[in-house]
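[1] The following block contains a protein sequence and its predicted model.
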Number of protein chains: 4
Amino acid sequence: MDDISIYGKQGFGNSSGFGRAPALLLVDFVNGFCDPDCFGGGNILDAVNQTRELLTQARKSDLPIVHTRIVYEEDGAENGVFCEKVPGLERLTETASISQIVDPLKPEKGEHVVRKTQPSAFFGTGLAAWLVGKNVSTVIVAGCTTSGCVRASVVDSMSYNFKTIVVSDCVGDRALGPHEANLFDMGQKYADIHTCEETIDAILNLSRNV
Amino acid sequence: MDDISIYGKQGFGNSSGFGRAPALLLVDFVNGFCDPDCFGGGNILDAVNQTRELLTQARKSDLPIVHTRIVYEEDGAENGVFCEKVPGLERLTETASISQIVDPLKPEKGEHVVRKTQPSAFFGTGLAAWLVGKNVSTVIVAGCTTSGCVRASVVDSMSYNFKTIVVSDCVGDRALGPHEANLFDMGQKYADIHTCEETIDAILNLSRNV
Amino acid sequence: MDDISIYGKQGFGNSSGFGRAPALLLVDFVNGFCDPDCFGGGNILDAVNQTRELLTQARKSDLPIVHTRIVYEEDGAENGVFCEKVPGLERLTETASISQIVDPLKPEKGEHVVRKTQPSAFFGTGLAAWLVGKNVSTVIVAGCTTSGCVRASVVDSMSYNFKTIVVSDCVGDRALGPHEANLFDMGQKYADIHTCEETIDAILNLSRNV
Amino acid sequence: MDDISIYGKQGFGNSSGFGRAPALLLVDFVNGFCDPDCFGGGNILDAVNQTRELLTQARKSDLPIVHTRIVYEEDGAENGVFCEKVPGLERLTETASISQIVDPLKPEKGEHVVRKTQPSAFFGTGLAAWLVGKNVSTVIVAGCTTSGCVRASVVDSMSYNFKTIVVSDCVGDRALGPHEANLFDMGQKYADIHTCEETIDAILNLSRNV
């Protein structure tokens, strides 16, 4: 990727800032995406571990928190093109173990769980409306995979004019090449990229300024 | 990208097929994205040149054809987070030279032109409804940039359950690294990747079978 | 409504036709909307009874069939403005008896069930994508209430460019004034209005012509 | 409409309140909808006249202001089911006199103009994202017609969790029966109904409390 200097020359990669009222979005941190024999691998478990700290702070700071899961109907009535490209996705049903949110990040009461069948947390879901109802300006994104559902959710979050933060050590992918390539794309065009530590600091600063 | 063998093991990269009724979607082939001093560069001009052949065949075969342009209101009323990340986008206004579709691919009468302010050709536009009205099953995508508006449009096309074809030599990017990385992601998860020649053959086969 | 002759003079009320490939959409036929002490009343039970015949024919003719339910999260995490306007809606949860589809119209295997929190069956759901995946041109609508979720779903169905049929004796409302007023609006602007008998005839004609 | 007492018994018609940050949405106040020989008539001109006062106050109070127009492509490329139901809509093109916003309500610099092809101001447009970008909690709706594009826009506004206010004397329809019937539906289920005077008072109160 020697030729990416052109991005700087053309004005890409500017910051859109942290905004006034963040929510935390955890994308598809489910058992099946943490298991290399299913859809997991790479640095996804590292991302889960790092996200515990982020989630703890978000809860302390009373941020709106939303989790996503991929859930298809048991009888296959909902399967579409995504399942043709990636056979096996249709096994992620309401009760399947592989589609349950991982234990360390289990949703608490009052946290919203979005069921989805497509990559983006916003596509065919009530997420945008939910964020509007919570008076949110900013979506902080963790989850997996960086090159899949995280990327798709980040593009839609920005398209809805939410300032969007990708937490670099709280997103993971089954392979590092796509992880890095997508962090680059998102940082240049759609979102600000920060570490978990930086993000927690920004959340704390916001509380201090209220 | 040595570690991507895991994609094959996990069942990614299957084909979703060509479908019964394709439309052609040309994403953001406008002057400003063909000029390295604006938002262009890389292999975008090659993509424009190759797309002439694809467009000619689509017209001969009477496919529904849709072009997109990024268009912001002159007075800045519409600028949002995307313009914060990429200052300069707001110069793509209705009458600006940089936001006009390039001469070799000028829309003809009856072809639909979508104005958009976000990466995806589907976001905040009537494109999905238009394709439904045309009884389309499949969206063939050319345009630029591969890592930007093409990728975002492809994810949404697939999410709407249109079979989606990315024409590898008819999409281009200002830098080759992101171009290749995004072709990989799309081919593994969202779309079938074919050359212009293969795509034209598939269109011709379809006509023969009607 | 003496003054509605102006609709005719201005060209409203034209037919959009039956189309080539219908699906059947049953909106919110759940226990709570059939009980006058909950959200029911008026001619809703008549609509349920008449819809049995329509559903039977749709199954015989192998139409894609979709049912909707209003479902809110148990802990109130999802409640929004709709629940402020109509307190009590939030009691329609996944397991509540009032949010179960009525016995005579229970979904069979392979029929799609859409959970929604807003009036339209399309808003914040995957319904449009599901219909695209089924190659549908036309949405036949039954359900309740005529002036509520049926009307909202019909407007969106038409907006997505699906030809839309409202089955006049298979939609019901808790009060007849709004029922009639909304049949008028829909027939003038968004959908063709047919009786159950006429609709079944049209489905049978379609099968004969295949 | 003698039987509508059931609405009260079932808890409909509650208030969702005025919220913290309103925007003003003027729906389809264009020449063709003010001319009884085109799509106008009834009390639409009264609504235009009353809306002048509302718009003046919204400008003084620096509310985000958005206007909508129905605009179809000149060559008919965009016509769909709505134009089948209401032939003549397709004459509302970018440059046609009938699709220009009426003189007394002409948009000023910085006010957003949404072009749409469907009833709702939100469907296939960037309006929801624009409101998010302006940190809006509440949409105040004026325009025409009450039973058409106003109603469709109000349902979507509420569905996106914006508190929604319909200004009863600033909305109009070509016939009074549908006007009244739709004010009833919206007030019971989707929006708070206020007069222009009450709405201006609420805007002024908000400014005082800042």
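    Looks like it came in fine. Residues are numbered from 1 along each chain as shown, chains lettered A, B, ... in the order given.

[2] where's the nearest residue to A:Ile193 once chain neighbours are set aside, which helix or strand?
    Spatial nearest neighbour of A:Ile193, chain neighbours left out: A:Gly187 (4.3 Å); criterion: Cβ to Cβ, 6 or more residues apart in numbering or on different chains. The way it works is simple: take the backbone N, C-alpha and C, and place the C-beta from them, glycine included. Using DSSP states H and E, the element containing A:Gly187 is helix A:176-189.

[3] so what secondary structure elements neighbour that helix?
    helix A:151-159, strand A:163-172, strand A:192-194, helix B:81-85, helix B:176-189 (3 or more Cβ pairs under 8 Å, 6 or more residues apart in numbering or on different chains; DSSP states H and E).

[4] Touching the first one from outside, list them.
    So that's helix A:151-159. A:16, A:25, A:27, A:68, A:118-123, A:128, A:139, A:141, A:143, A:164, A:166, A:182, A:185-186, A:190-191, B:81-82, B:85, B:118-120, B:123-124, B:152, B:155, B:159, B:185, D:129 (Cβ atoms under 8 Å, 6 or more residues apart in numbering or on different chains).

[5] now the longest one
    Under the contact criterion Cβ under 8 Å, 6+ apart, helix B:176-189 has outside partners A:1-4, A:82, A:85-86, A:119, A:147-148, A:151, A:177-178, A:181-182, A:184-185, B:1, B:4, B:7, B:12-13, B:42-43, B:145-147, B:150-151, B:154, B:166, B:168, B:171-173, B:193.

[6] can you do 7 Å?
    The contact list for helix B:176-189, computed with Cβ atoms under 7 Å, 6 or more residues apart in numbering or on different chains, reads A:1, A:3-4, A:85-86, A:147-148, A:178, A:181, A:184-185, B:7, B:12-13, B:42-43, B:146-147, B:151, B:154, B:166, B:168, B:172-173, B:193.

[7] Next: the second one.
    Residues outside strand A:163-172 that contact it (Cβ under 7 Å, 6+ apart) are A:16-19, A:42-44, A:46-47, A:50-51, A:54, A:137-146, A:150, A:154, A:157-158, A:179, A:183, A:186, A:190-196, A:199, B:81.

[8] for the longest helix seen in chain A, packing partners?
    Looking across chain A with DSSP state H, the single longest helix is helix A:44-60. Packing partners of helix A:44-60 (3 or more Cβ pairs under 7 Å, 6 or more residues apart in numbering or on different chains; DSSP states H and E): strand A:22-27, strand A:138-144, strand A:163-172, helix A:196-209.

[9] what angle separates it from strand A:163-172?
    Using axes from the mean of the first three to the mean of the last three Cα atoms, to 10 degrees, the direction of helix A:44-60 lies 140 degrees away from that of strand A:163-172.

[10] buried stuff in helix A:44-60?
    For helix A:44-60, a neighbour-count test (16 or more other Cβ atoms under 10 Å in any protein chain shown) marks A:44-45, A:47-48, A:50-51, A:54-55, A:57-58 as buried.

[11] Excluding its own residues, what touches it? List them.
    Contact with helix A:44-60 is made by A:24, A:26, A:29, A:33-34, A:65, A:102, A:104-105, A:142, A:144, A:167, A:169-174, A:196, A:199-200, A:203, as judged by Cβ under 7 Å, 6+ apart.

[12] weakest of the helices and strands packed on helix A:44-60 in terms of mean pLDDT?
    Within the helices and strands packed on helix A:44-60, the stretch with the lowest mean pLDDT is helix A:196-209, showing a mean of 92.

[13] what does that one contact?
    A:18, A:22, A:50, A:53-54, A:57, A:61, A:140, A:165, A:167, A:169-170.

[14] Can you mark which positions in it are buried?
    A:196, A:198-200, A:202-203, A:206.

[15] could I get the buried residues of helix A:44-60 as a markdown table with pLDDT and distance to B:Glu90?
    Shown next, in a markdown table, are those (pLDDT from 0 to 100; distance: Cβ to Cβ, whole Å):
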| residue | pLDDT | distance to B:Glu90 |
| --- | --- | --- |
| A:Ile44 | 98 | 37 |
| A:Leu45 | 98 | 42 |
| A:Ala47 | 98 | 35 |
| A:Val48 | 98 | 39 |
| A:Gln50 | 98 | 36 |
| A:Thr51 | 98 | 35 |
| A:Leu54 | 98 | 33 |
| A:Leu55 | 98 | 36 |
| A:Gln57 | 98 | 35 |
| A:Ala58 | 98 | 33 |
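
[16] Pretty sure A:Leu89 is one of the things A:Cys83 touches, is it not?
    Yes - counting by Cβ atoms under 7 Å, A:Cys83 touches A:Leu89, with 5.0 Å between them.

[17] when you compare where the helix holding A:Gly187 runs with where helix A:44-60 runs, what's the angle?
    Using the same axes, to 10 degrees: helix A:176-189 against helix A:44-60 is 40 degrees.

[18] Distance from helix A:176-189 to the middle of the chain?
    Taking the mean of its C-alpha atoms, helix A:176-189 sits 14 Å from the chain's own mean (Cα atoms, centre = their mean, to the nearest Å).

[19] do the same with stretch A:131-151
    5 Å.

[20] what does stretch A:81-98 give?
    19 Å.

[21] could you check the distance from the residue nearest to A:Ile193 over to A:Thr164?
    Distance of A:Gly187 to A:Thr164, given as Cβ to Cβ, to the nearest Å: 11 Å.

[22] which of those two has more neighbours?
    A:Thr164 (28 against 19; other Cβ atoms under 10 Å in any protein chain shown).

[23] The residue nearest to the more buried one when sequence neighbours are not counted: what's it in contact with?
    Using Cβ to Cβ, 6+ apart and skipping the chain neighbours, the partner closest in space to A:Thr164 is A:Ala191 (4.0 Å). Counting by Cβ under 7 Å, 6+ apart, A:Ala191 makes contact with A:154, A:158, A:164-166.

[24] How about A:Arg115?
    So A:Arg115 contacts A:69, A:71 (Cβ under 7 Å, 6+ apart).

[25] Now do the phi/psi pair for it.
    phi -90, psi 130 (degrees, to the nearest 10).

[26] Just list whatever residues bridge to it.
    Counting by DSSP bridges, A:Arg115 is bridged to A:Arg69.

[27] any idea how far it is from C:Ala23?
    22 Å.

[28] Check A:Val71 too.
    Counting by Cβ to Cβ - A:Val71 and C:Ala23 are separated by 22 Å.

[29] quick one: which of the two has more around it?
    C:Ala23 (23 against 19).

[30] residue contacts, that one?
    Applying Cβ under 7 Å, 6+ apart, the residues near C:Ala23 are C:63-66, C:131, C:134, C:136, C:139-140.

[31] got those as a markdown table, with distance to chain D and secondary structure columns?
    Below are the contacts of C:Ala23 laid out as a markdown table (distance: Cβ to the nearest Cβ, whole Å; DSSP: H, G, I helix; E, B strand; the rest coil):
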| residue | distance to chain D | secondary structure |
| --- | --- | --- |
| C:Leu63 | 19 | coil |
| C:Pro64 | 19 | coil |
| C:Ile65 | 22 | strand |
| C:Val66 | 19 | strand |
| C:Leu131 | 14 | helix |
| C:Lys134 | 18 | coil |
| C:Val136 | 13 | coil |
| C:Val139 | 11 | strand |
| C:Ile140 | 14 | strand |
